[in-house]
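Take a look and give me a structure for this.
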Amino acid sequence: MAKPFQIIPYPFDSQLELTLLQQQRDYLSWPIVYFLQDKKEAYVGETTDMVTRMKAHLKTVRKQQLHSVSLIRSELFNKSATLDIESNLIRYIAADGQFDLQNGNLGISNHKFYQQKEVYWELFRDIWTELRAMGIARHSLEHIDNSDLFKYSPYKSLSREQTNGLKTILRCLLDDRARVSLIHGGAGTGKSILAIFLFKLLKTDLQDFNKADFDESDEELFQLVEDVRQKYGDLEMALVIPMQSFRKTISKVFKNIKGLSPKMVIGPAEVAKKKYDLLIVDEGHRLRQWKNLAAYYGTFRKVSQQLGLDELNCSELDWVQLQSDKSIIFYDEFQSVKPSDADKQCFLDLQALESTRIERLRSQFRVKGGAHYMEFVHQLFSDNTTLLPQPFDSVHYDFQLFDDLDAMVKQIKRKNDSEGLCRMVAGFAWDWISKKDRSLYDIVIGDTQLRWNSTDVDWVNSTHAIHEVGCIHTTQGYDLNYTGLIIGPELDYDFQNQCFVVYKDRYRDKNGKNSITDPAVLKNYILNIYRTILFRGIQGSYIYACNENLRAYLAQYIKAHQVLGQEPKAEMLITDVPSEQSIPYYDLSIAAGSFSDVQQQGKARYVEAAGAYDPERYFACTVVGESMNKIIPNGSICIFERYQGGSRNGLICLVESSSFEDRDFGANYTIKEYSSKKTISEEGWEHQEITLLPKSTDASYQPIVLRDEELLDLKVIGIFKKVL
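Have a look, this model is predicted:
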């Protein structure tokens with residue numbers, strides 16, 4: 001079957017106009033997407049007039065250094081489709097890391113149009129697969145989706161609410177009477193993305209914006225940016241992030257964004273070094289005051305005195321105000337988790353000033369449960385809740401309560417194998433004894449033994465994170481796909497008084513409790529901790545509660561994890577006689593010849609396959625070994641679709657070749673994820689290299705790489721469909 005698109009490379013030189021007129025006559029006025037590149041830089045665009053657009057680019061000094069252009073064309077393209085594919089390419093190429101993008105096209109609107117999901121997302125996936133094959137893209141879309149560079153990319157589309165927030169901020173910068181923009185927003189409302197976006201917007205070359213792609217309100221945004229630049233010139237600005245771990249992560253993001261530098265991301269103490277035109281504070285609720293600062297107290301005192309402030313009566317919020325002409329502060333009172341956080345009253349006082357402009361973000365961009373889930377969690381962890389005693393129900397969000405911690409740990413690890421970025425997180429109810437002796441375990445519950453995080457800097461992305469347990473301090477600000485939360489013995493529930501109970505002696509964060517005399521204050525911090533952790537998971541959250549009363553309370557509102565029945569599964573019946581719902585079954589483990597020989601050996605056998613499976617198109621085999629056990633368990637009978645042509649990249653394929661002998665099958669067959677590199681010439685394309693990738697928890701399985709003559713007899717027999 002012919003592909004629904006073509007990617008055609010050309011030299012980006014003075015002969016390009018003539019070449020296009022000769023070879024692209026049918027597409028000269030057709031919507032296309034294009035990719036300009038040299039070895040390090042690239043530019044993504046779309047147009048309905050390729051000749052005029054290329055001539056304009058050839059006259060631009062920055063683009064003259066680019067040496068090739070790849071045209072992406074399709075009969076399916078219309079203007080909306082090319083805008084959408086251009087937007088996706090900008091976002092994913094930027095996060096892929098292979099090229100520095102020259103694009104200034106930030107925040108392209110999410111174009112909504114007919115069959116966007118049904119046709120154009122799948123079309124984009126196929127285009128991305130071919131770009132990987134051409135060496136233009138490196139990583140899979142799934143890998144990029146889980147990367148911090150993608151999550152915090154300023155090339156993301158902004159919501160209308162976020163765009164309005166940006167306009168408020170820019171108007172604040174233009175208003176000589178306004179000194180502060182205080183942006184209220186709960187977890188997952190896109191505060192960090194907005195902060196980073198603003199940085200890129202103020203540092204980007206505005207001439208690269210293709211303003212025809214934006215609506216009138218976006219034009220207003222561009223005009224505000226131009227007015228700010230004209231008023232201030234090159235702003236002296238920095239992004240202040242109080243938490244060291246998250247600061248380290250965002251520094252890495254800035255390092256990979258053209259026009260930004262990791263030096264622009266600073267801690268609160270660094271604001272004392274110089275005056276700024278503009279300071280942007282992310283996670284403003286974690287700015288500190290003098291209480292319970294432990295080792296940081298000396299630094300806090302020194303900086304306060306350096307700025308002429310009394311350390312006992314000031315906070316880092318005061319430092320920011322003193323050292324900046326203008327400031328933008330993102331704040332969520334429900335994510336304040338310890339006494340050292342600046343007091344809520346400081347922000348209320350700031351909000352009351354005439355020089356403060358206020359904006360509220362309400363849309364939910366992180367958790368798939370949306371605002372409904374966020375409100376549910378707030379109610380769930382409140383005294384005298386008004387929730388009805390029925391389990392939270394959402395087709396979009398996986399929210400479960402476990403009564404077996406070991407089962408939850410295993411489920412999180414399974415989810416990590418399939419989705420990536422799944423982590424165990426716990427309340428601070430256990431001492432960190434493994435910090436000095438890694439042979440010890442910190443969290444011991446029944447037969448389950450776990451250790452706290454081995455690093456407190458960027459732990460979420462560290463090598464051994466899936467085998468460890470993080471806390472609020474190593475996860476706040478991060479996105480996860482699934483969170484497995486252990487609620488410690490410090491929190492319980494009193495059914496008689498319908499309220500939560502905190503046992504202060506069981507709470508191990510000394511700096512989080514020592515100066516607190518009011519039990520209600522400590523309870524509020526601890527409830528905020530658990531709420532905040534439950535807002536980390538994008539796709540789902542699992543809970544295990546140590547105390548039985550609390551577990552009973554939660555069981556009223558969260559569905560219980562269902563343990564699969566212990567009855568042995570019925571054996572799959574393989575017969576010699578076909579039926580209406582059977583498909584051919586082949587035993588590869590006894591194969592000696594080619595697959596065609598296997599099909600002809602003796603009488604065909606058959607296996608039942610419930611569903612509309614055409615026996616002429618589908619067949620089944622038993623998959624042996626552990627090389628694909630993340631997806632296909634050893635010994636599974638699987639359905640394959642006979643290969644009839646088309647792209648195989650990223651697909652799990654049954655492959656035959658005389659160039660290898662599979663260690664599991666003991667024959668010239670293997671089942672692996674297929675990946676290829678191609679070279680393209682005027683005659684067409686040919687394979688340069690094919691890699692067959694295992695997907696296994698056993699690291700001893702290595703990719704099979706085929707080149708040159710090894711490619712000649714390689715044959716893709718079938719495409720994996722499902723475990724039967």
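
Pick out the residue closest to the middle of this protein.
Note on the chain: the residue nearest the mean C-alpha position is residue 146, at 3.3 Å, using C-alpha atoms, centre = their mean.

For it, what are phi and psi?
Dihedral pair for residue 146: phi -90, psi 0, per degrees, to the nearest 10.

Likewise for the one 3 residues further on?
Comment: the main-chain dihedrals of residue 149 come out as phi -60, psi -40, following degrees, to the nearest 10.

Find the nearest non-adjacent residue to it, please.
Here the nearest residue to residue 149 in space, its sequence neighbours aside, is residue 95; by C-beta to C-beta, 6 or more residues apart in numbering that works out to 4.6 Å. Every residue, glycine included, has its C-beta placed from N, CA and C.

Am I right that the one you found sits in a strand?
No: read with DSSP: H, G, I helix; E, B strand; the rest coil, residue 95 is helix and lies in no strand.

Now for it: which residues touch it?
Residue 95 sits next to 144, 147, 149-150, 153, 155 when contact means C-beta atoms under 8 Å, 6 or more residues apart in numbering.

swap in residue 651?
673-674, 719-720.

Please enumerate residues in contact with stretch 618-636?
For stretch 618-636, contacts defined as C-beta under 8 Å, 6+ apart pick out 417-418, 583-589, 607, 609, 637-642, 652, 654, 662-665, 670-672, 694-698, 701, 718, 720-721, 723-724.

Out of those, which end up buried?
The neighbour count (16 or more other C-beta atoms under 10 Å) marks 417, 583-586, 588, 607, 609, 637-641, 652, 654, 662, 664-665, 670-672, 694-696, 701, 718, 720-721, 724 as buried among the contacts of stretch 618-636.

Show me the residues you listed that map onto helices.
residue 417 (DSSP state H).

Which of the buried ones among the contacts of stretch 618-636 fall in strands?
By the criterion of DSSP state E, membership of these in strands covers 583-586, 607, 637-641, 652, 654, 670-672, 718, 720-721.

And the contacts of residue 651, which two are furthest apart?
673 and 719 (11.1 Å; C-beta to C-beta).

who touches both of these two?
Counting by C-beta under 8 Å, 6+ apart, the shared contacts of residue 673 and residue 719 are 651-653.

can you put the residues you listed in TSV and add pLDDT?
Formatted as TSV, those follow (pLDDT from 0 to 100):
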residue	pLDDT
651	84
652	89
653	90
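
closest to residue 457 among these?
Nearest to residue 457 among these, counting by C-beta to C-beta, is residue 652 at 36.5 Å.

What's opposite the closest one in the beta bridge?
residue 673 (DSSP bridges).

Next: residue 485.
Applying DSSP bridges to residue 485 gives these bridge partners: residue 425, residue 543.

In this structure residue 318 contacts residue 309, no?
Yes: counting by C-beta atoms under 8 Å, residue 318 touches residue 309, with 6.0 Å between them.

more neighbours, those two?
Counting neighbours by other C-beta atoms under 10 Å for residue 318 and for residue 309 shows that residue 318 has the greater number, 19 against 15.

distance of that one from residue 393?
As judged by C-beta to C-beta, to the nearest Å, residue 318 and residue 393 stand 46 Å apart.

gap between residue 42 and residue 34?
Relative to residue 34, residue 42 is positioned 11 Å away (C-beta to C-beta).

meant to ask about residue 705, not that
Distance from residue 705 to residue 34, by C-beta to C-beta: 32 Å.

who's more crowded, these two?
Counted by other C-beta under 10 Å, residue 705 and residue 34 do not tie: residue 34 has more neighbours, with 25 against 13.

That one contacts residue 48, correct?
No: counting by C-beta under 8 Å, residue 34 does not reach residue 48; the two are 11.8 Å apart.

Residue 381 and residue 554, how far apart?
10 Å.

Over to residue 646?
Going from residue 646 to residue 554 by C-beta to C-beta gives 48 Å.

The two: who's more crowded?
residue 554 (18 against 12).

hang on, the more buried one packs against residue 545?
Yes: counting by C-beta under 8 Å, residue 545 is a contact partner of residue 554 at 5.9 Å.

picking that back up, which one of the shared contacts of residue 673 and residue 719 is nearest to residue 263?
Proximity of the shared contacts of residue 673 and residue 719 to residue 263 (C-beta to C-beta) peaks at residue 651, which lies at 43.3 Å.

and that closest one, what are its phi and psi?
With angles defined as degrees, to the nearest 10, residue 651 sits at phi -100, psi 150.

Sketch out the low-pLDDT regions of the stretch 101-250 of the chain for me.
The stretch 101-250 of the chain contains residues with pLDDT under 70 at 104-119, 155-157, 204-218.

Would you state the helices of it in chain order?
With DSSP state H, counting those that start in this stretch as the criterion, the stretch 101-250 of the chain has helices at 121-133, 141-145, 148-151, 160-174, 191-203, 216-232, 244-255.

Can you list the neighbours in contact with the second one?
Helix 141-145 is touched from outside by 92, 95-96, 125, 128, 150, 420, with contacts defined as C-beta under 8 Å, 6+ apart.

before we move on, back to that, out of the contacts of residue 95, the closest to residue 470 would be?
Ranked by distance to residue 470 (C-beta to C-beta), the contacts of residue 95 are led by residue 147 at 18.4 Å.

If you tally nearby residues, what's the number for that closest one?
Neighbours around residue 147, by other C-beta under 10 Å: 19.

what do you get for residue 379?
Residues within reach of residue 379, counting by other C-beta under 10 Å, total 12.
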